[in-house]
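[1] please find the sequence and the predicted model below.
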Amino acid sequence: MSEAAAGRRIDGRSIARTIYERVGEGIARLRQRGMVPHLVAVQMGHSEASDVYVRNQKERLSPLGIQFTHLALDPTLSAEALITHVEALNENPTVTGIILTMPLPDAIPAFRIQERIHPAKDVEGVHPANLGRLIHNRQAVGPCTALAVLTAIEATDVPLEGKYVVIVGHSDIVGKPVGLCLLQELATITTCHVATKDLARHTREADILVVAVGQPGLIRADMVKPGAVVIDVGISRTSDGRIAGDVDIDEVAPRASWITPVPGGIGPITVAMLARNTMLCAEKQCEGGA
Ligand code: NAD
C-alpha cells in the first residue's frame with residue numbers, strides 16, 4: 001500500500017448513492033410488473049436512536065418507490081402477542097418485508113421473534129435460514145451492517161485472499177457474519193470480543209481491522225498495523241453530543257491505507273443495504289420464490 005494512499009477515506013455516502021441508484025431501477029422494474037415493495041417497521045416503545053432509525057428508513061426508502069408502514073406497538077405486549085402481529089404480516093400478501101426495530105423490551109429475546117419472520121420477508125437477513133445462506137452466497141439477503149462492511153472493504157480493491165482480518169466485536173449482525181463471509185474469500189480471521197486478552201496484540205497484526213464495539217476511542221494508533229484497512233462500525237454519542245466511532249480517527253487515519261469515517265462511513269451503506277434487501281425480497285416474491 002503506497003504512502004500516497006495513507007488514510008484515504010472510504011466514502012460511505014457515495015457508495016450508498018450508487019446502491020440506491022441500482023435499487024431504484026430494480027424497484028421501477030418491479031412496479032412495472034405490478035409489484036409494489038412494502039416494508040413494515042415494527043417498533044415496541046421508543047428510544048431516541050430507534051425513533052431516528054425508523055424515520056431515516058422512511059426518508060430513504062420512500063423516494064425509491066418502497067411503501068413504508070410504521071407499526072408502533074404497545075411496549076407492554078407479551079412475546080406471544082408480538083409473534084401474532086409478525087405472523088399476520090407474514091400472511092399479508094401486500095407486505096413484502098418486515099423489520100423488527102431494536103431494542104425490544106427486555107423480557108422479549110430478539111432471536112425468538114426474528115425466527116418467526118418469514119425468511120422471504122426478512123429484509124434484515126437475521127432469520128437463521130438467511131444467516132445460513134449468506135455463508136454460501138454473499139449476493140443473498142444478509143444482515144445489513146455485515147453487508148455494508150463487506151461492501152466498504154470491496155470498495156478499497158484490496159484483495160482478500162491470504163489477508164489477515166481481525167474483527168473486534170462478535171455480534172450476530174456484524175462480527176459473526178462478516179467473519180464467515182471473509183473466510184469464503186480465503187482471508188484468515190480472528191474475532192475478538194469483550195473477553196479477549198490483550199486486544200492490541202491481535203489488532204496490531206491485522207491487514208484489515210473491523211471494529212464493532214460501541215466504545216469511542218477504543219482503537220488507538222499503536223493498535224493498528226501501518227497500511228491497514230480500518231473499518232469502524234461503532235456509533236456512539238459522546239458526552240459533548242458528537243457522534244463517534246470506535247476508532248480514534250485523528251490518530252489512526254495517518255497510519256491506515258483506508259479508513260471509514262463516522263459519521264459517513266458504514267452507517268449510510270447499512271441503510272442502503274436495507275433498501276437492497278427490501279428489493280431482493282420483493283423480487284423473489286414477485287417471481288413466486290417465497
Ligand atoms: P453489540 O453491542 O451486540 O456487541 C458489542 C461487541 O463488542 C460484543 O462482541 C462485545 O463482546 C464486544 N466488546 C465490548 N467491549 C469490548 C472491549 N473492551 N474489547 C473488545 N470487544 C469488546 O454489537 P453490535 O450490535 O454489533 O454494535 C456494535 C457497535 O456498532 C455499536 O456502537 C452500534 O451502535 C454500532 N452499529 C452501527 C451500525 C451502523 O449502521 N453503522 C449498525 C449496527 C451497529
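    Done, it's in. Numbers count the residues shown, from 1 in each chain.
[2] can I see the domain layout of this structure?
    Using automatic domain parsing, the domain ranges for the chain come out as 32-127+268-286, 159-256.
[3] any chance of these in TSV, with distance to residue 138, mean neighbour count and mean pLDDT too?
    The way it works is simple: take the backbone N, C-alpha and C, and place the C-beta from them, glycine included. Converted to TSV, those look like this (distance: least, Cβ to Cβ, whole Å; neighbours: other Cβ atoms under 10 Å; pLDDT from 0 to 100):
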stretch	distance to residue 138	mean neighbour count	mean pLDDT
domain 32-127+268-286	11	18	96
domain 159-256	6	19	97
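[4] those into CSV, with extra columns for distance to the ligand?
    Putting the domains of the chain into CSV (distance: least, Cβ to the nearest ligand atom, whole Å) gives the following:
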stretch, distance to the ligand
domain 32-127+268-286, 3
domain 159-256, 3
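[5] for residue 142, find the nearest of these.
    Nearest to residue 142 among the domains of the chain is domain 32-127+268-286; the distance by Cβ to Cβ comes to 3.9 Å.
[6] roughly how far is that closest one from the heart of the chain?
    14 Å (Cα atoms, centre = their mean, to the nearest Å).
[7] one more: stretch 225-235?
    Offset of stretch 225-235 from its chain centre (Cα atoms, centre = their mean): 16 Å.
[8] next: stretch 133-151.
    On Cα atoms, centre = their mean, the centre of stretch 133-151 falls 9 Å from that of its chain.
[9] what lies in contact with it?
    Around stretch 133-151, the neighbours that count as contacts under Cβ atoms under 8 Å, 6 or more residues apart in numbering are 12, 15, 19, 122-126, 130-131, 172-174, 177-178, 180-182, 184, 210, 212, 231, 233, 266, 269-274, 276-277, 280-281.
[10] can you rerun that using 7 Å?
    Residues from elsewhere that reach stretch 133-151, judged by Cβ atoms under 7 Å, 6 or more residues apart in numbering: 15, 122, 124-126, 130, 173-174, 177-178, 180-181, 184, 210, 231, 233, 266, 269-270, 273-274, 277, 280-281.
[11] how about that stretch, which residues are buried there?
    For stretch 133-151, a neighbour-count test (16 or more other Cβ atoms under 10 Å) marks 133-134, 138, 140-151 as buried.
[12] report whether it contacts the ligand.
    Yes. Judged by Cβ under 6 Å from any ligand atom, stretch 133-151 and the ligand are in contact via residue 145.
[13] need the distance between the two termini of that stretch.
    Counting by Cα to Cα, to the nearest Å, you get 18 Å between the two ends of stretch 133-151.
[14] so for it, mean pLDDT?
    For stretch 133-151, the mean pLDDT works out to 93.
[15] sorry, back to before: now, the contacts of stretch 133-151 that are in strands?
    210, 231 (DSSP state E).
[16] follow-up on the earlier one: closest one of the buried residues of stretch 133-151 to residue 88?
    residue 141 (21.5 Å).
[17] helix or strand for that closest one, which one?
    Assigned by DSSP states H and E, residue 141 falls within no helix or strand.
[18] the closest residue to the ligand within the stretch 1-150 of the chain and residue 271: what is the separation?
    Nearest residue of the stretch 1-150 of the chain to the ligand: residue 145, at 4.0 Å (Cβ to the nearest ligand atom). Applying Cβ to Cβ, to the nearest Å, the value for residue 145 to residue 271 is 10 Å.
[19] mind listing what residue 244 touches?
    216, 236, 238, 262.
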